[in-house]
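Engineer: Let's see this in three dimensions:
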Amino acid sequence: MAWGLLVLAGMLEIVWAMALKQADGLTRFWPSLIGISVAMLSLVLLALALKHLPVGTAYAIWVGIGVFGVAVFGTLVLGEQMSSAKLLFLGLIGIGVAGLRIIES
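Structural biologist: Numbers count the residues shown, from 1 in each chain. Predicted coordinates for the structure are as follows:
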């Protein structure tokens with residue numbers, strides 16, 4: 001259950017980051033409201049997951065999911081540049097997140 005909450009919290013990281021990008025410096029109401037609300041929900045889910053998971057591992061996974069997801073969505077949805085170096089390092093983040101999950105099972 002805690003791992004599921006953590007993964008969901010990480011996925012919400014992607015949603016709020018993308019919403020805040022659309023909020024244009026918090027000048028657009030709806031994207032700002034969505035971004036801030038989803039960020040708060042993400043933090044609540046992280047806090048619930050932390051009741052049962054080690055903080056270092058859980059936080060690293062939460063941030064890793066967000067970083068990886070935002071980079072991928074930024075490339076696919078927003079047309080941001082993806083170099084081979086970025087792809088390599090995103091792959092390393094993915095490997096790190098998966099490795100942390102495996103060793104904490």
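Engineer: per-residue pLDDT, residue 101?
Structural biologist: The predicted local confidence for residue 101 comes out at a pLDDT of 88.
Engineer: need the contact list for the residue positioned nearest the centre of the chain.
Structural biologist: For the chain, the residue lying nearest the average C-alpha position, counting by Cα atoms, centre = their mean, turns out to be residue 66 (1.6 Å). Under the criterion of Cβ atoms under 8 Å, 6 or more residues apart in numbering, the contact list for residue 66 reads 10, 13, 14, 17. For the C-beta atoms, the positions are set from N, CA and C on the backbone; glycine is no exception.
Engineer: Residue 59 too?
Structural biologist: Residue 59 makes contacts with residue 46, as judged by Cβ under 8 Å, 6+ apart.
Engineer: Off-centre distance for the helix or strand harbouring it?
Structural biologist: Using DSSP states H and E, residue 59 maps to helix 55-78. Helix 55-78 has its average C-alpha position 4 Å from the chain's average C-alpha position, going by Cα atoms, centre = their mean, to the nearest Å.
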